[in-house]
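> let me see the structure of the following:
(one chain, ligands or ions: 1)
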Amino acid sequence: MKFLVTGGCGFVGVNLSHYLVQAGHSVRVLDNMRLGSPDHLEGLEVELIEGDIRDVPTVERAVDGVDAVVHLAADTRVIPSIEDPKFNFDNNVIGTFNLIEAMRAAGIKRMVNASTGGAILGDVTPPVHEGMVPEPISPYGASKLACEGYLSAYAGSYGMQAASLRFTNVYGPRSFHKGSVVAHFIKQILAGKELVVYGDGSQARDYIYVDDLCQGILACIDRGAAGVIQLGTGIPTPLNDLIAVLRDVAGQDGISFDVRYEDWRPGEIRHTYGLIDKAREVLEFDPRVKLEDGIRTTWEWFRKQG
Ligand SMILES: NC(=O)c1ccc[n+]([C@@H]2O[C@H](COP(=O)([O-])OP(=O)(O)OC[C@H]3O[C@@H](n4cnc5c(N)ncnc54)[C@H](O)[C@@H]3O)[C@@H](O)[C@H]2O)c1
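Numbers count the residues shown, from 1 in each chain. Below you'll find the model as predicted:
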């Protein structure tokens, strides 16, 4: 199949592009390079369009001749979305609208849209699942919810096989530019700095390795699934457990680090993880990479970057 991957120069995008090419598919990437970089696509046979999803002619060119679209392009930063909600709306909502309009005109039906459980649902009692009432607490979360709404409407009105996959915390190689906890902690450790934990380290998250996520995305396209589906591991990992794994992995390379505990940050969600029953049923989704193995691979990738 020929795929368009929007945001294909970002963290998930470069990993997905590698994954799709290895699975024998052809890939076109559309990215404006605002957050991502083409560096990690080097040597991979993909077609790269440097352009913006807010630009209609560019989007029309990008969808031309593809069989399916994986839509990852977004301004993914929560705090900047609070500082400048209009930019986030234009980028995420108008951009997505342009994309599905171009797909409708070109008769392209299959689409996976990257969404998020955490930012859409707010502070709810875990596990998070598709049946919960969305109450986003940031413009970023609201933008993702709006996109889910448009995809649902395009499925209902135009027969699009459009699914919104709600990712939990994704980690893995090629995440150098990310501020998410695994990437941030590894960069701190390699820079010889201490880790700062806000709270007592009991806060739990659902960490999914990026290859497992790619497996879910491809299964979704293969099966023409539609609607909202939660992806994750279904396993809550306390921050202290993640730190213990990092200590073990870094220790094998003779590297140690300190951890400093600070007061809880106001508004921080204490525990969250996904319920992935629907993904297991609809996609036969089966995340296999153990945290220890995924962290080791990620650590080794960062080490190689120097
Ligand atoms: N990484 C996670 O843990 C996580 C969790 C939940 C949801 N998501 C969603 O998954 C998707 C991919 O996330 P990621 O971690 O790879 O983020 P990322 O920031 O690394 O990648 C996003 C990419 O989109 C590009 N982009 C942004 N605006 C664009 C525009 N207007 N036109 C063209 N390209 C544009 C950026 O340059 C970047 O390369 C995003 O939609 C994000 O909201 C990610």
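> how far out from the middle of the chain is the least confident helix or strand in the chain by mean pLDDT?
When the helices and strands of the chain are compared on mean pLDDT, DSSP states H and E, helix 118-121 comes out lowest with a mean of 88. Relative to its chain's centre, helix 118-121 lies at 13 Å (C-alpha atoms, centre = their mean, to the nearest Å).
> can you list contacts of the helix or strand just after it?
Using DSSP states H and E, the helix or strand that follows helix 118-121 in sequence is helix 139-158. Contacts to helix 139-158, defined as C-beta atoms under 8 Å, 6 or more residues apart in numbering, come from residues 74-78, 81-82, 85, 88-89, 91-93, 96-97, 100, 104, 111, 113, 115-116, 118-120, 122, 134, 136, 160-164, 226-228. To be clear about C-beta, it is placed using only N, CA and C from the backbone, and glycine gets the same treatment.
> so the least confident helix or strand of the chain, near the ligand or not?
No - Helix 118-121 lies out of reach of the ligand by C-beta under 6 Å from any ligand atom, never closer than 7.2 Å.
> residue 286 touches residue 276, doesn't it?
No - assessed by C-beta atoms under 8 Å, residue 286 is found out of contact with residue 276, at 9.5 Å.
> neighbour-wise, which of these two wins?
It is residue 276, of residue 286 and residue 276, that has more neighbours when counted by other C-beta atoms under 10 Å, with 26 against 12.
> distance of that one from residue 167?
11 Å (C-beta to C-beta, to the nearest Å).
> try residue 280
From residue 280 to residue 167 the distance is 16 Å (C-beta to C-beta).
> more neighbours: which of these two?
Using other C-beta under 10 Å, the more surrounded residue of residue 280 and residue 167 is residue 167, with 22 against 13.
> chain neighbours aside, what residue packs nearest to that one?
Excluding its sequence neighbours, the residue lying closest to residue 167 (C-beta to C-beta, 6 or more residues apart in numbering) is residue 231, at 5.5 Å.
> and for residue 118?
Take residue 118 and drop its neighbours on the chain: the residue closest to it by C-beta to C-beta, 6+ apart is residue 272, 5.9 Å away.
> what sits against that neighbour?
By C-beta under 8 Å, 6+ apart, residue 272 lies in contact with 117-118, 124, 126, 128, 168, 204-206, 236.
> what does residue 278 give?
Applying C-beta under 8 Å, 6+ apart, we find residue 278 in contact with 129-130, 229-230.
> now do whichever strand or helix holds it, average pLDDT.
If you go by DSSP H and E, residue 278 is part of helix 277-283. Average pLDDT, helix 277-283: 98.
> enumerate the positions of it that are buried.
Neighbour counts over helix 277-283 (16 or more other C-beta atoms under 10 Å) mark 278-279, 282-283 as buried.
> that one: what's the following helix or strand?
With DSSP H and E, the next secondary element past helix 277-283 is helix 291-304.
> ranges for the helices of the chain?
Along the chain, the stretches classed as helices by DSSP state H are 11-22, 56-63, 78-83, 85-88, 95-106, 118-121, 139-158, 181-190, 210-223, 239-252, 277-283, 291-304.
> wait, isn't residue 219 in contact with residue 284?
Yes - taking C-beta under 8 Å as the definition, residue 219 is a contact partner of residue 284 at 6.5 Å.
> who's more crowded, these two?
A count of neighbours by other C-beta under 10 Å puts residue 219 above the other of residue 219 and residue 284, at 19 against 12.
> and the more buried one, what pLDDT?
97.
> over to residue 19?
In this prediction residue 19 is given a pLDDT of 98.
> with adjacent residues omitted, what lies nearest to it?
Nearest in space to residue 19, with sequence neighbours left out and distances taken as C-beta to C-beta, 6+ apart, is residue 214 at 4.0 Å.
> residue contacts, that neighbour?
By C-beta under 8 Å, 6+ apart, the residues touching residue 214 are 12, 15-16, 19-20.
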